[in-house]
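**Student:** With the sequence up front, the predicted model follows.
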Amino acid sequence: MGRTKKLGLDKVLDCFSLSLCSNACACIHSVEEEEDEDERKALVSSQLEELVKLRDFVDGAAKTLAFHLEPKTVELKVSMHCYGCAKKVQKHISKMDGVTSFEVDLENKKVVVIGDITPYEVLESISKVKFAELWVAPNSKQQAAERL
């Protein structure tokens, strides 16, 4: 394919002048390669400087804008009747994304999941293998019953 040159508007206007006749246009000056090369080098160097400035900004922003998420704790009451049920829940939780640690308490039928998770995600996921509901502390149940 042919190579297209881009000229500045001032160069184009310098190159052409209109004659008295509306059909004709004559070139007065020829475009010199040296001027083109100098202009191209100036554009490339100015774009490189901008690119370097932008890269420094992005690198600095990545360091300053990063923040640390605190892991969330979700407590669930899960219908577990035997050791097999507990193992099934453990296996399922271990495959969940965002979970950093968990604890399964078969005796109290309680599961504690810690990580970058939401209570709804954990509840929905565990409910696929066993019946589960959000854990409500015993004191909260008594207070709710007293209000009614």
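**Tutor:** Happy to help now that I have it. Numbering: from 1, shown residues only.

**Student:** contacts, neighbours, all on C-alpha from now
**Tutor:** Will do.

**Student:** gap between the two ends of stretch 89-108?
**Tutor:** Stretch 89-108 has its terminal residues 14 Å apart, counting by C-alpha to C-alpha, to the nearest Å.

**Student:** what sits up against it?
**Tutor:** By C-alpha atoms under 8 Å, 6 or more residues apart in numbering, the residues outside stretch 89-108 that reach it are 80-83, 86, 110-117, 126, 129-130.

**Student:** Please convert the buried members of those into ChimeraX selection syntax.
**Tutor:** This is the ChimeraX syntax for the buried subset of the contacts of stretch 89-108, where burial follows 16 or more other C-alpha atoms under 10 Å:
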select :80,86,110,111,113,114,115,117,126,130
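
**Student:** just checking, which of the contacts of stretch 89-108 belong to helices?
**Tutor:** Tyr83, Ala86, Ile126 (DSSP state H).

**Student:** Got the domain ranges for the chain?
**Tutor:** 9-65, 72-147 (automatic domain parsing).
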